[in-house]
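> Sharing a sequence plus its predicted fold:
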Amino acid sequence: MKTGIDLGTTYSLISHVGHDGRAILLPDHSNKDIFATPSVVHIEENTALVGHLVEMLMEEKPDMKVLRFFKRNFGIDKPFFYDSNNHGWYPEAISALLLKKLRFDAEHFSGGNIDGTVITVPAHFNDLQRKSVINAAALADLPLLGLVEEPVAAALHYGVSHKSHDQVLVVYDLGGGTFDVTVLSLDDKGVYVLAKDGHTELGGKEFDEKIGEFIIDRFMRVTGSEPELNAYTLLQLRKISEEIKIELSLPHVNYLKKSVLLDNRAIELIINRRDFEKSIHEAIEQTIAITMRCLDEAGLKEENIDALLLVGGSSMIPYIRERMRKIFTGGHQKIFYHEPMKAVAYGAGIHACQLSGDAEKYDLPPEFRGITGYNIGIRTINPVTRKVEVDVLIKKSMPLPARAKRTYYTTKAEQNRIVLDVVQMREKDNLIQVGKLMVGPLPNPSLNYAVEVTLENTEDGIITVSAYDPNTGVELEQSFNNNPEDMGYLVGQHKLVQETIINNLGI
Ligand SMILES: Nc1ncnc2c1ncn2[C@@H]1O[C@H](COP(=O)(O)OP(=O)(O)OP(=O)(O)O)[C@@H](O)[C@H]1O
Ligand SMILES: [Mg+2]
């Protein structure tokens, strides 16, 4: 069975395409009406719990350590959590437990085995973040067919369900933790990315915190003191803030009057939609500025867009649609939702069919073309100015896979290796160091020994490297310290994941 996984900051889902060619979601093993697993994990000495079970247990034990929002730490080379044995857990190992739970659910429901899966990533994820997702799949022993970007997955699903004809589509995806925007062209054969952009730390989490500030402010005004923010009150605050935020999104709810119990004191909270909108205005304007930058990058104007697809739970905030209506003013322009919290998972399942060669069998569009999200290059030091410069080999927005070569030379006769810093960047001052490429030992070191380096950005958006001797055409030994298989710490992480018995199938 092939599956697609939407690995979300707040919720994760798994889908697959059935015999009729339609993508369906696979439910939680213990409740067939639940299709979204909260992306939360609790780790004990030899046990881990995942998803709803953790949420339920937290009601009884608010002090228990719950790991959430770990998706935001992908690509950061630092443990996210230390367990009672002082073992560091990287975000990918924590995600591996979540993936194992989804796998269990899917196999339990269908009775089949997963022999290939696609996992979604935010469109703006860099190489390190994408490799973290690949590592998470490896740690969970999930055979990975490939990655697909969240807005692209949503567009695929839209294209399939609407049997779309040629059109230019913008996908605005505002989820629990990340914002992504992608401009695509769509026809009956598939989807083609024209430009993409986004922000890693902008989503529902920030909006909940704004509501939390209203509540604390009101609490202080009523009681004259601050609430004690212990684990229990923080949990209460987070839950009630999210509930209020979602209620304020309901049609015709312009104002809410609610009794809120916090720190054993009940207060009456009055909040109106306008106040909430004002508090998130800056964040929404930021998403709009990024959307405009993305359109510009695609060489398009607002009027060239046929449809704007709103995806992700946070895109259901009515203010976002209102703002979009003021931007995309053409009468022919559709601004709409299409299963905003499920579309990404459905699309991942569809992409799994595309990658496993089953698209035509199920009458699904077979084509797909992504683009590079960053300039990719080698950091060099200008010999004259001594300033750090980037030799860009692969430009942003090139069709994937993108490949480029460059020749570098040794500067000393005895030099038997060349070390190169591989970087990604959007703007000049926004450099991400993705790894060190070490070429050598060189067979017969000499001054000006030429080394031809090839960088590739694959269909999954990850960077691979190779090095040749251009005189002999022989491949040179090289190591790139961010290759998933070379990352030593994964061995330890694998042990941690495997030894953490997954309890009660709450996993
Ligand atoms: N009606 C609604 N109005 C506003 N926000 C909502 C609504 N429904 C859900 N949300 C918010 O949407 C977020 C979850 O959305 P979603 O499941 O799309 O995110 P995710 O996939 O987990 O995150 P990401 O895509 O950023 O990794 C939560 O913050 C939730 O509070
Ligand atoms: Mg999402």
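Cool, got the structure. Numbers count the residues shown, from 1 in each chain. Ligands and ions are numbered 1, 2, ... in the order given.
> Residue 491: neighbour count?
Around residue 491 there are 8 other residues, counting by other CB atoms under 10 Å. Every C-beta, even on glycine, is put in place using the N, C-alpha and C of the backbone.
> Checking it next. Helix, strand or coil?
helix (DSSP: H, G, I helix; E, B strand; the rest coil).
> ok, residues contacting the host helix or strand of residue 195?
Per DSSP states H and E, residue 195 falls inside strand 190-199. Applying CB atoms under 8 Å, 6 or more residues apart in numbering, the contact partners of strand 190-199 are 122-124, 149, 151-152, 155-156, 159, 168, 178-186, 286-287, 290-291, 293-295, 297-298, 300, 354, 365-371, 373, 397.
> ok, now which ones touch the residue of the chain most remote from its centre?
Most distant from the centre of the chain: residue 413, at 45.8 Å, with distances by CA atoms, centre = their mean. By CB under 8 Å, 6+ apart, the contact list for residue 413 reads 445, 446, 447.
> Turn those residues into JSON lines, including distance to ligand 2, secondary structure and pLDDT.
What follows is the contacts of residue 413, written out as JSON lines (distance: CB to the ion, whole Å; DSSP: H, G, I helix; E, B strand; the rest coil; pLDDT from 0 to 100):
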{"residue": "445", "distance to ligand 2": "50", "secondary structure": "coil", "pLDDT": "91"}
{"residue": "446", "distance to ligand 2": "53", "secondary structure": "coil", "pLDDT": "93"}
{"residue": "447", "distance to ligand 2": "53", "secondary structure": "coil", "pLDDT": "93"}
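> which parts of the stretch 301-450 of the chain sit against ligand 1?
Residues of the stretch 301-450 of the chain lying close to ligand 1 by CB under 6 Å from any ligand atom are 312, 313, 314, 316, 317, 341.
> With respect to ligand 1, which of the residues you listed is nearest?
residue 313 (2.1 Å; CB to the nearest ligand atom).
> which helix in the protein runs the most residues?
helix 273-297 (DSSP state H).
> chain center to the helix or strand harbouring residue 354: distance?
If you go by DSSP H and E, residue 354 is part of helix 343-355. Offset of helix 343-355 from its chain centre (CA atoms, centre = their mean, to the nearest Å): 15 Å.
> picking up where we left off before, and the residues of the stretch 301-450 of the chain next to ligand 1, which two are furthest apart?
317 and 341 (13.2 Å; CB to CB).
> Show me the residue of the protein that gets nearest to ligand 2, please.
Residue of the chain nearest ligand 2, by CB to the ion: residue 175 (3.6 Å).
> give the contact list for that residue.
Residue 175 makes contact with 8, 9, 10, 150, 203, 204, 311, 312, 313, 314, according to CB under 8 Å, 6+ apart.
> Give me the subset of those residues that lies in helices.
Using DSSP H, those in helices are 150, 204.
> Please name every helix or strand in contact with the helix holding residue 354.
On a contact count with 3 or more CB pairs under 8 Å, 6 or more residues apart in numbering; DSSP states H and E, helix 343-355 meets strand 2-7, strand 11-17, strand 23-25, strand 116-121, strand 144-149, helix 150-162, strand 307-311.
> Let me know which of these is tucked in deepest.
With neighbours defined as mean count of other CB atoms under 10 Å, the helices and strands packed on helix 343-355 peak in mean count at strand 2-7, which reaches a mean of 28.
> Quick check: neighbours of it in the sheet, parallel or antiparallel?
The pairing partners recorded for strand 2-7 under DSSP bridges are strand 11-17 (antiparallel), strand 116-121 (parallel).
> Of those strands, which is nearest ligand 1?
Nearest of the strands paired with strand 2-7 (CB to the nearest ligand atom): strand 11-17, 4.0 Å.
> Do a quick rundown of the strands in the stretch 51-200 of the chain.
According to DSSP state E, counting those that start in this stretch, the stretch 51-200 of the chain carries its strands in the segments 81-82, 88-89, 116-121, 144-149, 167-174, 179-187, 190-199.
> Please enumerate residues in contact with the second one?
Strand 88-89 has contacts (CB under 8 Å, 6+ apart) with 43, 67, 79, 80, 81, 82, 83, 493, 496.
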